[in-house]
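Participant: sequence unknown, structure follows:
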């Protein structure tokens, strides 16, 4: 018996637990292997201690995540819930067009494929949905939005979960590559957590006309990271 992807949330798992599960760094989609340009910023001396790492990640949260990926993610969640495939195709194209380097594109597509495989293994989506996602080339925002759409959580809560998961991964990248201690990482995460609510609020107000992906320095650092002599991360 086939079940619609948008309504196939596991009935025995409360929405809060589903969000915690999806935000967990333990989710087997490879997020731990990317620094999203942070490692290159460290190599160039732009990030060198706890304070500069916190400032960098807070800026990245507001300037790239809130205005771009979090905004499109929220719109994708709504489209998945409405089963609006035409809208999803347009939003998916926007994601592909805004990956500004080979590494950022690799990250989006690899994590998207892994997320699709996780959903398939959870028996959360049917064969038609899998085929449709593969035609679009599944990206991380598209597939994470599909997973979020299966919960009964509010959109604001969905984006908060995504943002906290992103923050945890980025803090772990900073701990390993600056390097920093665990207490420093927790202090950075505390600062980031205080910025998540306003970042989510902004993302939810972004429209197609105001959504943007414009971070030239991050794009340059990402491109430079491709040939960086020594590195721990894939981006």
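Facilitator: Everything's here; your move. Since we're looking at a predicted model, the values are computed, not measured.

Participant: next, the buried residues of whichever strand or helix holds residue 96.
Facilitator: According to DSSP states H and E, residue 96 maps onto helix 85-97. Buried residues in helix 85-97, counted by 16 or more other C-beta atoms under 10 Å: 88, 91-92, 94-95. For glycine as for every other residue, the C-beta is placed from the backbone atoms N, C-alpha and C.

Participant: again, but for stretch 135-142
Facilitator: The neighbour-count check on stretch 135-142 (16+ other C-beta under 10 Å) flags 136, 138-142 as buried.

Participant: for the strand or helix carrying residue 106, packing partners?
Facilitator: Using DSSP H and E, residue 106 sits in helix 102-121. Judged by 3 or more C-beta pairs under 8 Å, 6 or more residues apart in numbering; DSSP states H and E, helix 102-121 is in contact with helix 85-97, helix 127-136, helix 140-149, helix 216-225.

Participant: out of those helices, flag the one nearest residue 209.
Facilitator: helix 85-97 (12.1 Å; C-beta to C-beta).

Participant: mean confidence for that closest one?
Facilitator: For helix 85-97, mean pLDDT rounds to 96.

Participant: can you give me the angle it makes with helix 140-149?
Facilitator: Using axes from the mean of the first three to the mean of the last three C-alpha atoms, to 10 degrees, the direction of helix 85-97 lies 140 degrees away from that of helix 140-149.

Participant: helix 85-97: how far from the chain's middle?
Facilitator: 16 Å (C-alpha atoms, centre = their mean, to the nearest Å).
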